[in-house]
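Visitor: Model the structure of this input:
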Amino acid sequence: MSGAEDQAALVDLLNTTPVVDGRRTESLDGAWLRDHGAPGERVAAARVLRDALQAVVRGESSADILSGYLRDVVRTPSIADGSVIWRLDAGWAARMVLAWGELQASMPGRLRPCANDECRLFLLDRSRAGTGRWCSMSGCGNRMKARRHYDRSARKS
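Guide: Numbers count the residues shown, from 1 in each chain. Next up, the predicted model:
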């Protein structure tokens, strides 16, 4: 997988605990892992990683909890066609942590939880101004705007 593919997989991983009908659901299973380039990963281990990443992105835990996933990562240089190329030897879990780190460096603060407190999803804000707040404008965005409008209208009455 490329860095962009790993970043997309990371956001998908973070979003495997959606709230449906007011209850947190679980969508991370063996099929999800196969579809996201991790056929050999154990579901339980992937869920532990996901939970740690979610806690870090939400600011509930220090990023230090992710360091163990990077222990066996090896980056090896070689020469090809007259230039240096780098080969990364890292398992799927390490690549997810590396994708998080790359997003932190290249797009600081842009990977964040949805501003709807009732939602468990995350967004990667690619807007120019960096003001994206909701995982989906058609879902959470509309609900939150409608709620604010209702609250304002109720206070006027």
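
Visitor: got the buried residues for stretch 91-99?
Guide: 92-99 (16 or more other CB atoms under 10 Å). Bear in mind the C-beta positions are built from the backbone N, C-alpha and C, glycine included.

Visitor: how about those in TSV, adding pLDDT, secondary structure and distance to Cys114?
Guide: Converted to TSV, these look like this (pLDDT from 0 to 100; DSSP: H, G, I helix; E, B strand; the rest coil; distance: CB to CB, whole Å):
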residue	pLDDT	secondary structure	distance to Cys114
Trp92	96	helix	25
Ala93	97	helix	24
Ala94	97	helix	27
Arg95	96	helix	24
Met96	97	helix	20
Val97	98	helix	22
Leu98	97	helix	24
Ala99	96	helix	19
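
Visitor: Turn the residues you listed into a markdown table, including distance to Asp29.
Guide: A markdown table is the format used below for the buried residues of stretch 91-99 (distance: CB to CB, whole Å):
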| residue | distance to Asp29 |
| --- | --- |
| Trp92 | 15 |
| Ala93 | 16 |
| Ala94 | 21 |
| Arg95 | 19 |
| Met96 | 16 |
| Val97 | 21 |
| Leu98 | 24 |
| Ala99 | 21 |
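
Visitor: Which of these sits closest to Leu13?
Guide: Met96 (6.0 Å; CB to CB).

Visitor: if I look at the closest one, how far off is Ala90?
Guide: Between Met96 and Ala90 the computed distance is 10 Å (CB to CB, to the nearest Å).

Visitor: Show me what the host helix or strand of Pro77 pairs with in its sheet, parallel or antiparallel.
Guide: Under DSSP states H and E, the secondary-structure element containing Pro77 is strand 74-80. Sheet pairing here is set by DSSP bridges, and for strand 74-80 it gives strand 83-89 (antiparallel).
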